[in-house]
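Chemist: Requesting a structural model of the entry that follows:
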Amino acid sequence: MSSPTERSLVLIKPDAVRRGLLGEILSRFESKGLVIEALELRTMDGSLADAHYAEHVDKAFYPPLKDFMTSGPLAALILSGDSAVEVVRSMIGATDGRKAAAGTIRGDLALSNRENLVHASDSPESAERELALWFPKF
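Modeler: Modelled structure (predicted):
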């Protein structure tokens, strides 16, 4: 018996788009068996950044994070599949690319804590909130 299909928001961040890694990252998700339900290339504006990172807006690390996330185009996508949130989080690796395990997206391709290529929902509840912000019609 398989688990119910789950959805996750994934943002392929401006550093990954600038470095030409969009295709490789998407390919990894598809090869794993996750389904891309929606994909949009866009630039995050300040108000969306504040809503997306609402729990962090008063923290010292937030202003540079906001500057980075609004610095250029990113790819926003809805991924779905069996335990999608957990599977995607496992695939992207630890937040700090310098410490992420080899074989993960960040472990193989990132060398920074802030510019770490990918954001993914960290729980089904976060996924629901984030998907409503990024894809209100889905």
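Chemist: Give me the most central residue, this protein.
Modeler: With distances taken as C-alpha atoms, centre = their mean, His119 lies nearest the centre of the chain, 2.4 Å away.
Chemist: With adjacent residues omitted, what lies nearest to it?
Modeler: Excluding the flanking residues, the one nearest His119 by C-beta to C-beta, 6 or more residues apart in numbering is Leu11, at 4.1 Å. The C-beta positions use only the backbone N, C-alpha and C, and glycine is treated the same way.
Chemist: circling back to that earlier point, next, the residue nearest to the centre of the chain: secondary structure please.
Modeler: Put simply, His119 is strand when judged by DSSP: H, G, I helix; E, B strand; the rest coil.
Chemist: okay but it is in contact with Asp15, surely?
Modeler: No - here His119 lies out of contact with Asp15, judged by C-beta atoms under 8 Å, at a distance of 11.4 Å.
Chemist: What about Arg106, how many residues nearby?
Modeler: By other C-beta atoms under 10 Å, 23 other residues sit near Arg106.
Chemist: before we move on, what about Ala102?
Modeler: For Ala102, the neighbour count with other C-beta under 10 Å is 7.
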